[in-house]
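Chemist: Build me a model from this:
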Amino acid sequence: MALRSLRPRWLALGLLALACSLQHPSLPGSDQDSQAEDTLPVDLGTDTQADTVGQDTTPPDTLGMPDGSEDTGHDVPPAETMADAVEERVEDGGVDVVSEPPRDTGVADTSPRDTAPMDTTPPMDTARPMDTTPPMDTARPMDTTPPMDTTPPPDTAPPADAGCRGDPECEDGDPCTTNTCDLTSGRCLLAPVASCCNGVGQCDDGDPCTTDACTSNRCVNGRVANCCRTAAQCPTGDPCTTYACTAMACVPTRRTGCCTADAQCNDMNACTTDTCDTGRNACVFTPRAACCTGDAQCNDMNACTADTCAAGACVNAPRAGCCATDVACADADACTTDRCVDNVCQRDPVAVPADTCATAGTLAANTEGIQTLVENTACARSDLGLQHDLAYTFTVGPGSWIVYADTFGTAFNTRLTLRRSCADTAELAGNDDRCGGRQSLLLAGVSGGTYTLVVGGVADADRGALTLHYRIAAVPVDVPVTLLGPSPGAGATGTVMGNTGRFEAFRGCVPSSSAVARGRQACARPTDGRLGDAPEVYFVTATCPGARELVASTCGDPHVWDSVISVRTWFSGGRELGCNDDCSSRSLRSRVQAMTPETAGPLLVVVDGYQNSGVVFSCGSFTLSLTGTYY
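Modeler: Residues are numbered from 1 along each chain as shown. Have a look, this model is predicted:
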């Protein structure tokens, strides 16, 4: 056939089926409502109550009937005639084009009828032979108006029954298929998803050495441990083990003499070195030099070693406390003397002078100036009440004595203590820190007898090189001496009360119990050079290291007698540091401003009366003030 459009033929078949259903209502598919849904929208002039919108409502006896014709209800044209009535062939380049018949307008058609012979060619590919039973008597004759032009416009979608239009229309609800629409053919293409499953039955791989499961639509075939079907499925990484597959299980067999590491080679012989030759996987046992099998083979002829044979090797362990020479006993302790006696180390404490009461040192008394001792307390014992302490004794005769001692120049924290005897721990005087540092300064007065001065550290770490300065000096006979305590601080002023004597008629100045008439002191009156010859009082103090200013004054005292003040380093032979008679030309009181020595030591401050004859008598009570840093 020439290029024939399939749509007119398909439309003709639909009309033919409709005609058959009208003639044989009992045939399947004759339901008019169903046929109306399945056919193309061609107006057949049916009259129903449910579908009236856009349809002709003209009574049946006037629709499409010629004037004077009778509606018998059975005069329906044959189906082939109806099919031919809707097909017009328009030759256009040899292609058949179908035109849509005009719609029924409800007015009788008076146009001339098409008398062309009907195309009786049977339709292609019919589902069954055409029913030639006479048509049923219909309520009205078939509208023979030329069929509507059903040719679709260009590029329109296929008819509703032509197949799928997209992938969603092909979804079958099966997760194990991929669903796509072939838009060319309108067919759904269903492709299986690899390794997808809907149940464990789809995952059986036929291998008894796997466990089969369907998880999340995926087959999981887990390997059963040590399961096999052949020996090739057993481990092969160990060259010293062979495997056989027995009863579906891998059974290992160890090769005799085979090794992969030294630890697998042991011949139980302590005198061999056991290794594994990994190139041959074989053990190698190499004899060891100097190997032993008993203690007797390990004697090194040293009395200070314990000789044993352990694991085929000699062990010569030093014996604790055993020695062969003095050097072997050295313990790096400077406070012991180390010796080797009969293969035993002896460590004797280093002898330290003045370390005990029995070995106490001696201090000289009544010497000129300050004396100095340099000792080392690092190895001294701590058995005299201080840490790493030393003891020194001295003896003085009758009368009054001044004891001075300091440790200035020592690097560690020290303490000084004066006792009646070495064994007597009661202190007569003592000092820890003085002059703003960690060193000590002691100033005390004693009478005739024997005493012990102990010096040491405050803590165990306070040991080492020690410097001790001291002076033990006698006070001149009948000279009243008062010891001054420590100063109140740098720049502060301390006061002391005194009395040089009392005035009596016809006798002049008579010394009090705290004063004695010495007469004519070495201090000249600034105006005429005369010396004082009235009674005086002596005050003993001490100075700290370094030159410092010391001011001694009676200028603020209300006394009215003429005084003289002298500052000296000591009594007889001492050096005078300053002297003053009057504070001013209108004052009889005195004020001395002196510089102390660079080195620490005892110091005298003397308050004297200027005159004790004629009409002037210089004696009485006073108040002495001291300003500056003394001990």
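Chemist: going forward, measure contacts and count neighbours with C-alpha atoms only.
Modeler: Will do.
Chemist: What is whichever strand or helix holds residue 604 packed up against?
Modeler: Assigned by DSSP states H and E, residue 604 falls within strand 601-609. Helices and strands touching strand 601-609, by 3 or more C-alpha pairs under 8 Å, 6 or more residues apart in numbering; DSSP states H and E, are strand 535-543, strand 563-568.
Chemist: List the strands paired with that strand, with their directions.
Modeler: Partner strands for strand 601-609, per DSSP bridges, with pairing direction: strand 535-543 (antiparallel), strand 563-568 (antiparallel).
Chemist: List the buried residues in the helix or strand that the first one is followed by.
Modeler: Read that as strand 535-543. In the C-terminal direction, the helix or strand that comes right after strand 535-543 (DSSP H and E) is strand 549-553. Applying a neighbour-count criterion of 16 or more other C-alpha atoms under 10 Å, one finds 550-553 buried in strand 549-553.
Chemist: Specify which member of those is nearest to residue 464.
Modeler: Out of those, the one with the shortest distance to residue 464 is residue 550. That distance is 34.3 Å, counting by C-alpha to C-alpha.
Chemist: Look up the closest residue to that closest one, ignoring the ones flanking it.
Modeler: Once its chain neighbours are removed from consideration, residue 550 has its nearest residue in residue 628; the separation is 4.9 Å (C-alpha to C-alpha, 6 or more residues apart in numbering).
Chemist: Quick check: residue 622 is in a strand.
Modeler: Yes - secondary structure of residue 622, determined by DSSP: H, G, I helix; E, B strand; the rest coil: located in a strand.
Chemist: Measure how buried it is and give me the count.
Modeler: For residue 622, the count of nearby residues is 22 (other C-alpha atoms under 10 Å).
Chemist: isn't it right up against residue 497?
Modeler: Yes - using C-alpha atoms under 8 Å, residue 622 and residue 497 qualify as a contacting pair, with a distance of 6.0 Å.
Chemist: Low-confidence stretches in the stretch 451-600 of the chain?
Modeler: Segments of the stretch 451-600 of the chain classed as low confidence (criterion: pLDDT under 70) are 487-495, 498-533, 572.
Chemist: Using CSV, lay out the buried residues of strand 549-553 together with distance to residue 276.
Modeler: Formatted as CSV, these follow (distance: C-alpha to C-alpha, whole Å):
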residue, distance to residue 276
550, 94
551, 98
552, 100
553, 103
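Chemist: re earlier: and the strands paired with strand 601-609, which is most packed in?
Modeler: Each of those was assessed for mean neighbour count using mean count of other C-alpha atoms under 10 Å. The highest is strand 563-568, with a mean of 27.
Chemist: Redo the strands paired with strand 601-609 as JSON lines? Include distance to residue 351.
Modeler: Converted to JSON lines, the strands paired with strand 601-609 look like this (distance: least, C-alpha to C-alpha, whole Å):
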{"stretch": "strand 535-543", "distance to residue 351": "35"}
{"stretch": "strand 563-568", "distance to residue 351": "42"}
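Chemist: Out of these, the one nearest residue 182 is which?
Modeler: Once the strands paired with strand 601-609 are compared by C-alpha to C-alpha, strand 535-543 is nearest, at 121.3 Å.
Chemist: List the beta-bridge partners for the spatially closest residue to residue 618 that is not a sequence neighbour.
Modeler: For residue 618, the nearest residue in space outside its immediate sequence neighbours is residue 609; the separation is 4.6 Å by C-alpha to C-alpha, 6+ apart. As for beta bridges, residue 609 partners with residue 563 under DSSP bridges.
Chemist: distance of residue 391 from residue 308?
Modeler: As defined by C-alpha to C-alpha, to the nearest Å, residue 391 lies at a distance of 53 Å from residue 308.
Chemist: Check residue 582 too.
Modeler: 97 Å.
Chemist: the more surrounded of the two?
Modeler: Taking residue 582 and residue 308 together and counting by other C-alpha under 10 Å, residue 582 has the greater number of neighbours (24 against 20).
Chemist: Just confirm that one contacts residue 609, I think it does.
Modeler: No - in this structure residue 582 lies outside contact range of residue 609 using C-alpha under 8 Å: 11.4 Å.
Chemist: if we can go back for a sec, which pair in the buried residues of strand 549-553 spans the largest distance?
Modeler: By the measure C-alpha to C-alpha, 550 and 553 form the most distant pair in these, at 10.0 Å.
Chemist: what is in contact with the two at once?
Modeler: Shared contacts of residue 550 and residue 553, defined by C-alpha atoms under 8 Å, 6 or more residues apart in numbering, are found at residue 626.
Chemist: For the stretch 101-250 of the chain, just list every one of the strands.
Modeler: Listed in chain order, the strands of the stretch 101-250 of the chain (DSSP state E, counting those that start in this stretch) span residues 149-150, 177-182, 187-192, 210-215, 218-223, 241-246, 249-254.
Chemist: any chance of those strands in JSON lines, with distance to residue 480, mean pLDDT and mean neighbour count too?
Modeler: Conversion of those to JSON lines gives the following (distance: least, C-alpha to C-alpha, whole Å; pLDDT from 0 to 100; neighbours: other C-alpha atoms under 10 Å):
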{"stretch": "strand 149-150", "distance to residue 480": "158", "mean pLDDT": "54", "mean neighbour count": "18"}
{"stretch": "strand 177-182", "distance to residue 480": "130", "mean pLDDT": "92", "mean neighbour count": "18"}
{"stretch": "strand 187-192", "distance to residue 480": "132", "mean pLDDT": "91", "mean neighbour count": "15"}
{"stretch": "strand 210-215", "distance to residue 480": "118", "mean pLDDT": "90", "mean neighbour count": "17"}
{"stretch": "strand 218-223", "distance to residue 480": "117", "mean pLDDT": "88", "mean neighbour count": "17"}
{"stretch": "strand 241-246", "distance to residue 480": "114", "mean pLDDT": "90", "mean neighbour count": "16"}
{"stretch": "strand 249-254", "distance to residue 480": "113", "mean pLDDT": "90", "mean neighbour count": "16"}
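Chemist: Just send these back as TSV, with distance to residue 426 too.
Modeler: Compiled in TSV, the strands of the stretch 101-250 of the chain are given as follows (distance: least, C-alpha to C-alpha, whole Å):
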stretch	distance to residue 426
strand 149-150	142
strand 177-182	111
strand 187-192	112
strand 210-215	98
strand 218-223	95
strand 241-246	91
strand 249-254	90
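Chemist: and stretch 274-294, how far apart are its ends?
Modeler: OK, stretch 274-294 end separation, C-alpha to C-alpha: 20 Å.
Chemist: average pLDDT across it?
Modeler: Here stretch 274-294 scores 90 as its mean pLDDT.
Chemist: same question, stretch 406-418
Modeler: 96.
Chemist: Just the CA atoms of that stretch, as CSV, please.
Modeler: Coordinates of each C-alpha in stretch 406-418 appear next as CSV, following Å, rounded to 0.1, in the frame of the first residue of the first chain:
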residue,chain,number,x,y,z
ASP,A,406,81.1,38.6,115.3
THR,A,407,81.0,36.4,112.2
PHE,A,408,81.0,39.1,109.6
GLY,A,409,82.5,37.7,106.3
THR,A,410,80.8,34.3,106.6
ALA,A,411,78.5,33.3,103.7
PHE,A,412,76.0,31.2,105.6
ASN,A,413,73.5,31.9,108.4
THR,A,414,75.3,31.8,111.8
ARG,A,415,74.6,32.0,115.5
LEU,A,416,76.8,32.8,118.5
THR,A,417,76.2,31.7,122.1
LEU,A,418,78.2,32.4,125.3
